[in-house]
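*Asks:* Sequence and predicted structure below; questions after.
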Amino acid sequence: MSRAGSSGVFSIEEAAWLLGVDKSEVSRLIRVGLLPTIRRRSRLVVPTHALVRLLPVAGDGRAR
(Lines give C-alpha, C1' and ligand atoms only; values in the text may rest on other atoms or scores of the structure.)
Protein backbone atom coordinates (compact mmCIF):
# COMPACT_ATOMS: atom_id res chain seq x y z
CA MET A 1 0.00 0.00 0.00
CA SER A 2 1.03 3.59 -0.46
CA ARG A 3 1.68 6.25 2.15
CA ALA A 4 -1.98 7.37 2.02
CA GLY A 5 -3.08 4.82 4.64
CA SER A 6 -0.47 5.98 7.15
CA SER A 7 -1.98 9.48 7.28
CA GLY A 8 -5.48 8.35 8.25
CA VAL A 9 -6.81 8.25 4.69
CA PHE A 10 -6.95 5.76 1.84
CA SER A 11 -7.05 6.27 -1.90
CA ILE A 12 -10.08 5.04 -3.82
CA GLU A 13 -7.99 2.12 -5.09
CA GLU A 14 -6.84 1.19 -1.58
CA ALA A 15 -10.39 1.44 -0.23
CA ALA A 16 -11.60 -0.89 -2.99
CA TRP A 17 -8.87 -3.41 -2.20
CA LEU A 18 -9.62 -3.33 1.55
CA LEU A 19 -13.34 -3.78 0.95
CA GLY A 20 -12.76 -6.50 -1.64
CA VAL A 21 -14.71 -4.69 -4.34
CA ASP A 22 -14.00 -2.93 -7.63
CA LYS A 23 -13.14 0.77 -7.79
CA SER A 24 -16.46 1.40 -9.50
CA GLU A 25 -18.30 0.05 -6.42
CA VAL A 26 -16.38 2.43 -4.16
CA SER A 27 -17.26 5.27 -6.55
CA ARG A 28 -20.92 4.27 -6.32
CA LEU A 29 -20.77 4.24 -2.50
CA ILE A 30 -19.30 7.74 -2.61
CA ARG A 31 -21.88 8.97 -5.12
CA VAL A 32 -24.87 7.74 -3.08
CA GLY A 33 -23.44 9.15 0.15
CA LEU A 34 -22.58 5.93 1.97
CA LEU A 35 -18.83 6.57 1.92
CA PRO A 36 -17.66 10.10 2.71
CA THR A 37 -14.49 11.50 1.18
CA ILE A 38 -12.23 14.46 1.75
CA ARG A 39 -10.11 16.35 -0.75
CA ARG A 40 -6.37 16.17 -0.22
CA ARG A 41 -4.61 18.42 -2.68
CA SER A 42 -6.33 17.55 -5.94
CA ARG A 43 -7.64 14.07 -5.17
CA LEU A 44 -10.43 12.50 -3.19
CA VAL A 45 -9.45 10.18 -0.36
CA VAL A 46 -11.47 8.10 2.08
CA PRO A 47 -10.91 8.76 5.80
CA THR A 48 -10.02 5.65 7.79
CA HIS A 49 -12.95 6.08 10.19
CA ALA A 50 -15.40 6.04 7.25
CA LEU A 51 -13.86 2.92 5.76
CA VAL A 52 -13.82 1.02 9.07
CA ARG A 53 -17.62 1.36 9.30
CA LEU A 54 -17.97 -0.72 6.11
CA LEU A 55 -15.49 -3.46 7.00
CA PRO A 56 -16.98 -6.73 8.28
CA VAL A 57 -16.48 -7.58 11.93
CA ALA A 58 -13.96 -10.42 12.28
CA GLY A 59 -15.69 -13.78 12.64
CA ASP A 60 -19.13 -12.22 12.52
CA GLY A 61 -19.71 -11.75 8.81
CA ARG A 62 -21.82 -8.64 9.39
CA ALA A 63 -20.89 -5.05 8.61
CA ARG A 64 -20.56 -2.59 11.45
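*Replies:* Cool, the structure landed.
*Asks:* Is L34 located within a helix, as I assumed?
*Replies:* No - under DSSP: H, G, I helix; E, B strand; the rest coil, L34 falls outside any helix and is assigned coil.
*Asks:* pLDDT value on it, please?
*Replies:* Note for L34: predicted pLDDT of 92.
*Asks:* and it, what is it in contact with?
*Replies:* For L34, the contact set (C-beta atoms under 8 Å, 6 or more residues apart in numbering) comprises L54. Glycine gets a C-beta too; all of them are placed from N, C-alpha and C.
*Asks:* Can you report phi and psi for it?
*Replies:* Dihedral pair for L34: phi -90, psi -20, per degrees, to the nearest 10.
*Asks:* ok, now the one 10 residues further on?
*Replies:* Here is the backbone geometry of L44 (degrees, to the nearest 10): phi -90, psi 140.
*Asks:* Identify the residue nearest it in space, chain neighbours excluded?
*Replies:* Using C-beta to C-beta, 6 or more residues apart in numbering and skipping the chain neighbours, the partner closest in space to L44 is T37 (4.3 Å).
*Asks:* do L19 as well
*Replies:* Of all residues not flanking L19 in the chain, L54 sits nearest, at 6.1 Å (C-beta to C-beta, 6+ apart).
*Asks:* what helix or strand is that neighbour on?
*Replies:* Following DSSP states H and E, there is no helix or strand that holds L54.
*Asks:* pLDDT score assigned to the residue nearest to L44?
*Replies:* Reported pLDDT at T37 in the predicted model: 96.
*Asks:* Show me the strands in this structure, by range?
*Replies:* For the chain, the strands defined by DSSP state E occupy 9-10, 38-40, 43-47.
*Asks:* Need the residue closest to the centroid of this protein.
*Replies:* By C-alpha atoms, centre = their mean, the mean C-alpha position of the chain lies nearest to A15, the distance being 3.5 Å.
*Asks:* ok, the residue nearest to that one when sequence neighbours are not counted to F10 distance?
*Replies:* What sits nearest to A15 in space, not counting adjacent residues and going by C-beta to C-beta, 6+ apart, is V46, at 4.5 Å. For V46, the distance to F10 equals 5 Å [C-beta to C-beta, to the nearest Å].
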